[in-house]
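Peer 1: What follows is a predicted structure for the sequence shown.
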Amino acid sequence: MSYIDQACQAFRVLLEEQQARIAAMDTRKTDFSAKETVTIGIIDGDGIGPIITAQARRVLEKLLTGEIQKGSVVIREIRGLTLENRMAQGKAIPEDVLAEIKTCDVLLKGPTTTPKGGTLESANVAMRRELDLYANCRPVSIPEKNIDWMFFRENTEGEYVLGSRGVELPGMAVDFKVTTDLGTRRIAKAAFDYAKHNGKTHVSVVTKANIMKKTDGKFTAIAHEVAKDYPGITVEDYYIDIMTANLLDEKLRTQFQVFLLPNLYGDIITDEAAQIQGGVGTAGSANIGDRYAMFEAIHGSAPRLIEQGLGHYANPQSILKAEAMLLRHICRTEAAEKLEKAMERCPVKVSADGTGATTEDYADALIGLL
Ligand code: IPM
Ligand code: MG
């Protein structure tokens, strides 16, 4: 068989798999306000992951002491989502770990390392796919600069879903990007619902539809279709390149409220936005599906910090912000507010150069304020 024939066959398999994925999309939502027991899984991850999640767990246990004693909240530690174990088993998420994960309702996850090249898929990407966590919600807020942004990044499609499944032929390599109607509709709905329930009047749809005509074209078209159900909310289209510039324009950027983006653009622009807020160490991230949800820091496992022996100076604010989002998601609004208020007041400054307070110092001070 020629290389081209082989590649076509591989492509056919991918298309069939995507069709099956669409058919299996499940839209039954978990109602946390009605649930007797909520199980929170804690995954520590790689690099600085175990250091920041240990402190986030202490804070969580302090906030939910009564509920943990009563049994209405169960905290479950999930082990084995480490690079060593994933490499040894050749799986982005080993079977037994995934089974454990699925016994939880929500997860608080430390960053995991993804090796460059090779075939091992990112644990994050695999988890978003396996749990169908289609909405990546990333807030960025700088009140003194009049910035209050919420990013809705599609989290299960785009360049990511087949990112480890491209084909290599002699002299060339091809990757695939996928956008589906259902997948776009549900993320667009999430963004517009958020806008509606939070008094926002503008949703900016950010793509590169002038170049990625089929996939981004579909994304934009469906966003506009969904918008029809939300009178009073204005939709505006932007291209990703100019939007990255707009976020640096101090006058322009204050007008943006809610962003709706395909996966890869959402990945890139949320790092930029987090940097504007004060660094990727300051931003939390929610990965939300209809059944499960996973909350994490926006940044990676910081292997360089570990190599330099500075792991204990990792800033835990990002994962703590994610923890507040987790609490809100499971309808523990009071605990979420308590945590957010304490973070605003916490005077301790952690700095990754090792000159200031440690991760644990920060948590100690924070717990003192709760
Ligand atoms: C993020 C990260 C991940 C991504 C990596 C770790 C796979 O950058 O959550 O933004 O690219 O989605
Ligand atoms: Mg990213």
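Peer 2: That came through, no problem. Keep in mind the model is a prediction, meaning the values are calculated, not measured. Ligands and ions are numbered 1, 2, ... in the order given.

Peer 1: From now on I want contacts and neighbour counts done on CA atoms only, so please keep to that.
Peer 2: Fine.

Peer 1: Could you look up the SS state of residue 80?
Peer 2: Reduced to three states with DSSP: H, G, I helix; E, B strand; the rest coil, the structure at residue 80 is coil.

Peer 1: Spell out which residues of the stretch 201-350 of the chain are next to ligand 1.
Peer 2: Contacts of the stretch 201-350 of the chain with ligand 1, taken as C-alpha under 6 Å from any ligand atom, map to 267, 298, 300.

Peer 1: So the last one, which state does it fall into?
Peer 2: In this case it means residue 300. Residue 300 - assigned by three-state DSSP - is coil.

Peer 1: Count the residues that sit near it.
Peer 2: Other residues near residue 300 come to 19 when the count uses other C-alpha atoms under 10 Å.

Peer 1: Residue 30 touches residue 288, doesn't it?
Peer 2: No - with contact defined as C-alpha atoms under 8 Å, residue 30 does not count as touching residue 288 (11.0 Å).

Peer 1: And those two? Which one has more around it.
Peer 2: Higher neighbour count among residue 30 and residue 288: residue 288, with 24 against 15, using other C-alpha under 10 Å.

Peer 1: which residues does the more buried one contact?
Peer 2: 133, 134, 135, 136, 137, 294 (C-alpha atoms under 8 Å, 6 or more residues apart in numbering).

Peer 1: From these, which land in strands?
Peer 2: Judged by DSSP state E, the subset of the contacts of residue 288 located in strands is 135, 136, 137, 294.

Peer 1: what's the closest of these to ligand 1?
Peer 2: Comparing these against ligand 1 with C-alpha to the nearest ligand atom picks out residue 136 as the nearest, at 8.4 Å.

Peer 1: dump the residue contacts of the closest one.
Peer 2: Counting by C-alpha under 8 Å, 6+ apart, residue 136 has contacts 151, 152, 153, 154, 155, 285, 286, 287, 288.

Peer 1: Skipping its backbone neighbours, what lies nearest it in space?
Peer 2: residue 287 (4.5 Å; C-alpha to C-alpha, 6 or more residues apart in numbering).

Peer 1: any idea how far the one you found is from residue 237?
Peer 2: 24 Å (C-alpha to C-alpha, to the nearest Å).

Peer 1: what do you get for residue 278?
Peer 2: Noted for residue 278: a distance of 27 Å to residue 237, by C-alpha to C-alpha.

Peer 1: which one of the two has more residues nearby?
Peer 2: Comparing residue 278 with residue 237 by other C-alpha under 10 Å, the one with more neighbours is residue 237, at 17 against 12.

Peer 1: Quick one: residues contacting the closest residue to ligand 1 within the stretch 251-370 of the chain.
Peer 2: The stretch 251-370 of the chain approaches ligand 1 most closely through residue 267 (4.7 Å), counting by C-alpha to the nearest ligand atom. Listed by C-alpha under 8 Å, 6+ apart, the contact partners of residue 267 are residue 153.

Peer 1: Just the element for it, please.
Peer 2: Element membership for residue 267 (DSSP states H and E) is helix 263-277.

Peer 1: Which parts of the stretch 101-250 of the chain are helices?
Peer 2: Ranges of helices in the stretch 101-250 of the chain, per DSSP state H, counting those that start in this stretch, are 123-130, 181-197, 215-227, 240-246.
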